[in-house]
Structures are given as structure tokens and as C-alpha cells.
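[1] Sharing a model prediction with you, sequence too.
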Amino acid sequence: MTYTPQKPRLAESSDKLRARIPGWGADLDPADRPSVPRERFAPEESGAHWEYPDEQPELWPRERSLEHTRLPPVFGTTCPPKGLSGAIRKLAYAKYSEGRAAHWLLLMAGDRVDALESALRSMLTLRPDNPVTQTGVLSEGKRHGMSSRLGHNRADVKHHWMDPIIVGAPWAGAAAATYRLFRRR
Amino acid sequence: MRAMVYRGPYRVRVEEKDTPAIEHPNDAIVRVTRAAICGSDLHLYHGMMPDTRVGFTFGHEFIGEVHEVGPSVQKVKPGDRVMVPFNVFCGTCFFCARGLYSNCQNVNPNATAVGGIYGYSHTCGGYDGGQAEYVRVPFADVGPGLIPEWLDDDDAVLLTDALPTGYFGAQLGDIVEGDVVVVYGAGPVGLFAARSAWLMGAGRVIVVDHLDYRLDKAREFAHAETVCFTEHGDVVLHLKHLTEGLGADVVIDAVGAEADGNLLQHVTAAKLKLQGGSPVALNWAIDTVRKGGTVSVVGAYGPLFSAVKFGDAMNKGLTLRMNQCPVKRQWPRLLEHIRNGYFKPSDVVTHHIPLEHIPEGYHMFSAKLDNCIKPIVVPSAA
């Protein structure tokens, strides 16, 4: 009852739980929990043999958050910014700090432009993008697409129909634009 | 080498990519033997995480064999079988010196609000991930751990994120003996959080989801009571009734950015990307926990704003605790628990997928087909 001091009684006592569940109470003492205390100095654990690490070479002007006062010594080097999406991303990093919505919204816009640019670029290669194989939609037949969804009262089935639209809309838009371009000529 | 690459929302493929090279004296190159697809990979796959670039390789849960090491590496050598925490971390910055390995300041130029994470967009440092044949592992003396001979590959790969994160979620709840613990989400992290809650002395553990096969797993694997939220018009009210009106002492959000249960929230966040994440599970957690209770958040959210019911949290006097898990801190204790038989992490593994078939693996996992809980990716060279 919440209107009196007592806590509702549990169905099972600690002794019953200890007997039923392997390991029950093994970490009852907070001292046995690895993240207690939250901030703990443990140099023996880290294996680091530096106070400040060697610096990785910066092979191109690496985009970085305005909140960093210097380029951190180690960073990922995959997928450098390129094209229009790269320009949008560089702008997001150069102009807006992480506290600004504009920073994240520009990065999201850069992602959408990147997907479109890359799809168009792939048309000029021997391996163009293929929405059928890349979406893995062929697994619907092999992995019980229908029976996994029907009759299970799943909340997500209500919006699965939107997924093909999200994937297909840019392709449909590009096809429509191409058709209009050629028809005009 | 062969690697999974992102091509745009809902689209990935496998292609030839340059094998990674040593770029820093403390780097190692690891030949991947097992990788996993994580629920949080779906946020990237669905295009929700800012600065996810076409050509990027996902995968923050992986193990493998050391292939090559940089000149300053002392703790591992070629041929060693290693598990790699999903965090990239230096070990000595202000935050690492305090054990906050997931908040390292020295590894992520793109943001200060989050540390470095393998295969998790440029927002998390721009490191290619382990859903590939090879991966670059910075600070090889700091992150990777040798896999004990007695530990199977499938158990070891789950020690790189899912199990430590679930266990950490229970720790963040500061559970005391007899606490009622509600866990939102019966994916691998939620299942491990529920199981961990018992280790910390919970008196009752209730797992909430909408996928019947996952709730079956929660009963069998995590010994939990279960609630299917689609069977109740108001799941929070149902949980209040189950706890005699008090609410739970601790609630763990193991769902994160793509929570279902409110179509408007899901569509605006997951489909239209107008929020940093759908806060349905978080809002339910805030409303389910008792006044003065603790909400632990280990579900991943994006950096944009989300429509969270913060007023309720304030008025109820809640403690909200959260972080990305500092994986390496958890290992010694978790290895003890595995040896003692308290956990068999690979019990949640449902599928093994060859790397070449990863687009179908992502679709199956994303659409929750074939009773999928945890898919493991096996590169052809493994």
C-alpha cells in the first residue's frame, strides 16, 4: 500500500530466490559491482604506458568539433568528406558547436545528400547500387516474413509499410527527374 | 579485404575495401573471427545517427586474432586471440583516469559529448568497425583483452558490448535487496540486464516488450515475469497495478532510439528523423518508476533532442543514471560469473550469418523475422 509506510510484500523471500536463480545476490554488496564507485582511478587496469599518447599523423585537415581545443591524438580516417555532402559536413563542424541544433541537422542533411550522391556515382561504376540486394529484402522469403509478422500482435508491423517508401522515394525521385530531363530534350 | 559497407538508409552491401594499416604506433590490426549485429547498429542502418557516411563499415562488437601490431605495442602480439571492447579509449585522459572509458577525450575529434566507438559513425570518431575481415584497433595495449582458452567465441563476442552493457544497466540502478526492477526491452541487453538484476539482489524482475518470442526468452533465460505491452491499453497503469500502485524501485531502459508503443513518437523519430530518438521507453520508465526511484538508461539515443517527459522526472524526485558502458571495467567480474555458471552469454544467439549475406542479416534483424534475437556475423576468413 502506498498510503501507509510499508512496502508491498514480495511473493518470494530472498532465500527462495537464492535457491531458484543461479547467482542470486552474488553482487548484493555494491563493492562487488565493477562500476562502483563510478569514478575510480585504476592505472593497473588500463595498460597505457604514456601520460599523453603519441600523435597520429593528420593526412588531411581532419574535421573536428569546435569544442575540441586541439585535434585529439588518435582518430578514425575512413571515408574523408567529399562532394556536396562533404562541404555540408565541413560547414557543420566549422561553424556550429555540438550544443547547436544546426550542427546536427546539417550533419543529417549531409547524410541524405551523401546517399543520393553515392547512388548517382555508383551508376558510373561496374557495380551500381542495387536496392533489392542491398536492402536484404530477399530474406523475407527465407526467414518467414509473413508468419513472423502475422498473428503476433507486434507494434512495429503498423509502420513496416513505410520502410519501402523511405528506401524507394529517392530512387523514384531520381527516375522521375531523369525522365523529365530526357523528355525535355 | 571483404567488408560490409553502408550505402544509405536501409541499404548495405559487401565490397572489397583496403585492408586497414597501422596508423599510430599503438595500433593493432585484428583479423575478425566473429562480429555481432547490435540493436544500436539499427540506428545507423536506419539513417538516424548523424554523420553516417556511405562507404563506412559498421560493427562495434567483434573478436579476432591479432594480425599485426605497431612499434609501441607491448601487451598483445600477432596470433593472440582477443576480444575488443566497443569503446576506443586511450587509458590516460582526464576521463579514462577516472574509469570513464566510454567518455575518452583523446579518440573522437568529431564530438566531445561521446567517446570513440568502432563502426558507429563519424559522430563517434569515424573508426571502421568489425563487420569485416580485418579492423584497425587503436590503443592495442589498452582496450583488447586476451580471451581465456575456456571461453567460446560466441560467448566472447558478447563480452564486447551486450553482456557488459546489460550488467552495467543493472549497476546503474543501484539495486538493493528486494527491489522491484522493471526492464523495458527484451533484446540481448535487456535480457542481460534482467538476469543481472537478480545478481544484485532484486526481489522481483519484470520485462516489458511486444515480441512474444523475446518475452518467452525473458522468462526462460532471465527468470523474469513478462508483460507484453500490446496486450494492455496503458502499460504504465498495468505495471502500477502489478506493484500495488507504488511503481518499480528501479526501471532500466534497454530499448533506446527506436522504441515502439507510440506511433507518433516512433514515426517522428525513427522514420522522419525529427528527434534524436523515440523516447517511448524512456517516458514509460519515468512514469513506471516509483517516486524517489532510479531510472537507468543503457538504450542508445542520438544527439538531437527528444520529447522526454522531464517534468515528471523532476516532480517524482527521480535519479536518472546513464552512460555508454565502460566495457573493460566489467570483464573480471563477468568472467567470474560465466565461470560460475551464472551466465551463458551465447544463450541469446539465434543466428550465424556469413559476412557475404549481411544485407539479409540486417533486414532480418531490423524486421524481427525468424525469431531473431542476436545475429553473429562470421567472415569467410574466420
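    Yep, it's here.

[2] What ranges in chain A fall below the confidence cut-off?
    Within chain A, the stretches with pLDDT under 70 are A:1, A:185.

[3] can you do 80?
    A:1, A:41-45, A:167, A:169-171, A:173-174, A:177-178, A:184-185 (pLDDT under 80).

[4] Run a quick neighbour tally on A:Gln56.
    Residues near A:Gln56, counting by other Cβ atoms under 10 Å in any protein chain shown, number 20. The C-beta positions use only the backbone N, C-alpha and C, and glycine is treated the same way.

[5] Assign it to helix, strand or coil.
    coil (DSSP: H, G, I helix; E, B strand; the rest coil).

[6] Please report the distance of it from chain B.
    For A:Gln56, the distance to chain B equals 4 Å [Cβ to the nearest Cβ, to the nearest Å].

[7] Quick check: end-to-end length of stretch B:25-45?
    Criterion Cα to Cα, to the nearest Å; first-to-last residue distance in stretch B:25-45 is 32 Å.

[8] Now do the helices in chain A.
    Using DSSP state H, the helices of chain A run over residues A:14-20, A:43-46, A:83-95, A:101-122, A:131-135, A:139-142, A:145-149, A:162-184.

[9] Could you dump those into a markdown table and include mean neighbour count and distance to A:Val36?
    Formatted as a markdown table, the helices of chain A follow (neighbours: other Cβ atoms under 10 Å in any protein chain shown; distance: least, Cβ to Cβ, whole Å):
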| stretch | mean neighbour count | distance to A:Val36 |
| --- | --- | --- |
| helix A:14-20 | 14 | 21 |
| helix A:43-46 | 14 | 15 |
| helix A:83-95 | 18 | 37 |
| helix A:101-122 | 19 | 33 |
| helix A:131-135 | 18 | 44 |
| helix A:139-142 | 15 | 43 |
| helix A:145-149 | 15 | 41 |
| helix A:162-184 | 12 | 42 |
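
[10] export the ones you listed to TSV and tack on distance to chain B?
    TSV is the format used below for these (distance: least, Cβ to the nearest Cβ, whole Å):
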stretch	distance to chain B
helix A:14-20	6
helix A:43-46	3
helix A:83-95	6
helix A:101-122	3
helix A:131-135	4
helix A:139-142	4
helix A:145-149	4
helix A:162-184	5
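
[11] Format those as CSV; extra columns: distance to B:Val295.
    Shown next, in CSV, are those (distance: least, Cβ to Cβ, whole Å):
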stretch, distance to B:Val295
helix A:14-20, 23
helix A:43-46, 28
helix A:83-95, 31
helix A:101-122, 24
helix A:131-135, 36
helix A:139-142, 36
helix A:145-149, 31
helix A:162-184, 30
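
[12] Out of these, flag the one nearest B:Pro164.
    Taking Cβ to Cβ, helix A:43-46 is the member of these nearest to B:Pro164, at 14.0 Å.

[13] Tell me the bridge partners for B:Arg2.
    Judged by DSSP bridges, the bridge partners of B:Arg2 are B:Glu16.

[14] you'd agree it is up against B:Ala132?
    Yes: at 6.9 Å, B:Arg2 and B:Ala132 qualify as touching, with contact defined as Cβ atoms under 8 Å.

[15] which of those two has more neighbours?
    B:Ala132 (29 against 17).

[16] thinking again about what came up before, can you work out which residues contact both of B:Arg2 and B:Ala132?
    B:17, B:355, B:379 (Cβ atoms under 8 Å, 6 or more residues apart in numbering or on different chains).

[17] got a winner among those for most neighbours?
    B:Pro379 leads the shared contacts of B:Arg2 and B:Ala132 on contacts (other Cβ under 10 Å) with 26 neighbours.

[18] How many residues are close by B:Val66?
    Other residues within reach of B:Val66, judged by other Cβ under 10 Å, total 21.

[19] any idea which element it lies in?
    Using DSSP states H and E, B:Val66 falls within strand B:61-69.

[20] who does that strand touch, helix- and strand-wise?
    strand B:28-36, strand B:81-84, strand B:134-137, helix B:153-158 (3 or more Cβ pairs under 8 Å, 6 or more residues apart in numbering or on different chains; DSSP states H and E).

[21] Which among these is found nearest to A:Arg18?
    Nearest to A:Arg18, of all the helices and strands packed on strand B:61-69, is helix B:153-158, at 24.8 Å by Cβ to Cβ.

[22] Just the buried residues of that closest one, please?
    B:153-158 (16 or more other Cβ atoms under 10 Å in any protein chain shown).

[23] Pipe the shared contacts of B:Arg2 and B:Ala132 into CSV and attach distance to chain A and pLDDT per row.
    Rendered in CSV, the data for the shared contacts of B:Arg2 and B:Ala132 read as follows (distance: Cβ to the nearest Cβ, whole Å; pLDDT from 0 to 100):
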residue, distance to chain A, pLDDT
B:Lys17, 9, 97
B:Leu355, 13, 98
B:Pro379, 18, 95
